[in-house]
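In: return atomic coordinates for the entry below.
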Amino acid sequence: MDLVRLLCALLGILALGVNAGGSGSCRFPAIYNFGDSNSDTGAISAAIAEVPPPNGESFFGHSSGRFCDGRLIIDFIAEKLQLPYLSPYLDSVGTNFRHGANFATGGSSIRPGGYSPFHLGIQLSQFIRFKSQSIALYKQQSPDSQFLTLIHTQRLPRPEDFSKALYTIDIGQNDLAYGFQHGTIEQVRASIPDILSQLDQAINRLYKEGARFFWVHNTGPHGCLPYNVIYDKSKPGNLDKSGCVKPTNEVAQEFNRQLKNSVSHLRKQLPLAVFTYVDVYSAKYTVISKAKNEGFVDPFDFCCGSYKGYHIDCGKKAIVNGTVYGNPCHNPSKHISWDGIHYSQAANILLANQIINGSQSDPPVSITEACHG
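Out: Residues are numbered from 1 along each chain as shown. So this is what the prediction gives:
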């Protein structure tokens, strides 16, 4: 019986090796993610306030710290790379950083002064301290200390893995959103070079820390978020054929054009690095514009919370003149938008399939091949 179990275990290991991406697969040992609520896996819950149910309930069965009914794109990236879901850096309970860490925090922006104190500069500082402390603790490993050995091997990244890891960046949406809320379209457009300059500086700092493999998402179609469609004051003349707000989408497209140019410049500036630029905008716009073909309801009909008649955030309820606002829908899988701002797990599955396979990437490589220049 023991021999049978051993053979089964060996066959399982071999199968994992095949599924990891075949010959030429990069086999990233870890992921380090920087971003906002689109990829926050629990930082806001740990640092400020719990992301309440029904968030998380479609997959995890409970609130998981994600602004979604289930998994995010970063979760599907981890699954594809056969790595555990990322623990948020700010969480102190039950975390495991052996295969990476998540510095993304809901509301974060590239520049300081937005919705969150955890802008990209802070996330980068957290990473640098995390790296230095991890390496220092790893070097303290002693054969006489079984406890430290257990921590080092199971909870902390190996020092050599930092240069082999995949660094994912999905941030910038809140820089634009905050600008739209507090300024004009023209002012937001004019701010893009400075926003991207600060992103460049952050990537350069990561490079100096040994990061070599970068997976950079552009920003999505802001004008297609139900929240923006509902509150936009320029309607109806500024809606496109899909029902999205054209002026804000045009600014997002300009942001992405300049971001792509910036990534091209970084390729020349940092010759030892490998950059993959991912057109998340096109992936999201395609899913929204083809919602009915994919079996979804109206893409602007979101599942949790309310912005119509009365503003109530997902996870809260209010009764106004006998009407209950905030009850979640019965079938989140039929909705593209989960809460008017964030995407549902069902939408994230479709988006992740496009993003992971390289069909929206420059160069057009899958995420398992993103170490090849």
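
In: can you give me phi and psi for residue 278?
Out: Here is the backbone geometry of residue 278 (degrees, to the nearest 10): phi -120, psi 120.

In: how about the strands in the chain?
Out: Assigned strands in the chain, in chain order: 31-35, 100-102, 166-170, 213-217, 274-278, 318-320, 323-325, 361-362 (criterion: DSSP state E).

In: so what's the model's average confidence on the third one?
Out: Regarding strand 166-170, the rounded mean pLDDT is 98.

In: given that strand, what are its sheet partners and their directions?
Out: Its sheet considered, strand 166-170 pairs with strand 31-35 (parallel), strand 213-217 (parallel) by DSSP bridges.

In: and the angle for that strand with strand 274-278?
Out: Between strand 166-170 and strand 274-278, the angle comes out at 30 degrees (axes from the mean of the first three to the mean of the last three CA atoms, to 10 degrees).

In: what comes up buried for strand 166-170?
Out: Buried residues in strand 166-170, counted by 16 or more other CB atoms under 10 Å: 166-170. Bear in mind the C-beta positions are built from the backbone N, C-alpha and C, glycine included.

In: quick check, distance from that strand to the centre of its chain.
Out: Strand 166-170 has its C-alpha centroid displaced from the chain centroid by 8 Å (CA atoms, centre = their mean, to the nearest Å).

In: same check, this time on the last one
Out: With CA atoms, centre = their mean as the basis, strand 361-362 stands 17 Å off its chain's centre.

In: other SSEs contacting it?
Out: Using 3 or more CB pairs under 8 Å, 6 or more residues apart in numbering; DSSP states H and E, the elements in contact with strand 361-362 are strand 274-278.

In: which residues does the strand it packs on contact?
Out: 212-218, 259-260, 263, 266-267, 355, 360-363, 365, 367, 370-373 (CB atoms under 8 Å, 6 or more residues apart in numbering).

In: who does that strand pair up with?
Out: Applying DSSP bridges, one finds strand 274-278 paired with strand 213-217 (parallel), strand 361-362 (antiparallel).

In: ok, residue 357 - contacts?
Out: Contacts for residue 357 (CB under 8 Å, 6+ apart) come out as residue 366.

In: which phi and psi does it have?
Out: Backbone torsions of residue 357, given as degrees, to the nearest 10, read phi -80, psi 0.

In: so how far is residue 370 from it?
Out: Computed as CB to CB, to the nearest Å, the residue 357 to residue 370 distance reads 12 Å.

In: could you do residue 68 as well?
Out: Taking CB to CB as the measure, residue 68 falls 24 Å from residue 370.

In: neighbour count winner among these two?
Out: Using other CB atoms under 10 Å as the criterion, residue 68 and residue 370 rank with residue 68 on top: 29 against 24.

In: would you confirm that the more buried one contacts residue 344?
Out: Yes: with contact defined as CB atoms under 8 Å, residue 68 and residue 344 form a contacting pair (6.6 Å).

In: overlap in contacts of these two?
Out: Residues touching both residue 68 and residue 344 (CB under 8 Å, 6+ apart): residue 338.

In: picking up where we left off before, could the strands paired with strand 274-278 be laid out in JSON lines, adding mean neighbour count, distance to residue 237 and mean pLDDT?
Out: Formatted as JSON lines, those follow (neighbours: other CB atoms under 10 Å; distance: least, CB to CB, whole Å; pLDDT from 0 to 100):
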{"stretch": "strand 213-217", "mean neighbour count": "23", "distance to residue 237": "31", "mean pLDDT": "98"}
{"stretch": "strand 361-362", "mean neighbour count": "18", "distance to residue 237": "34", "mean pLDDT": "97"}
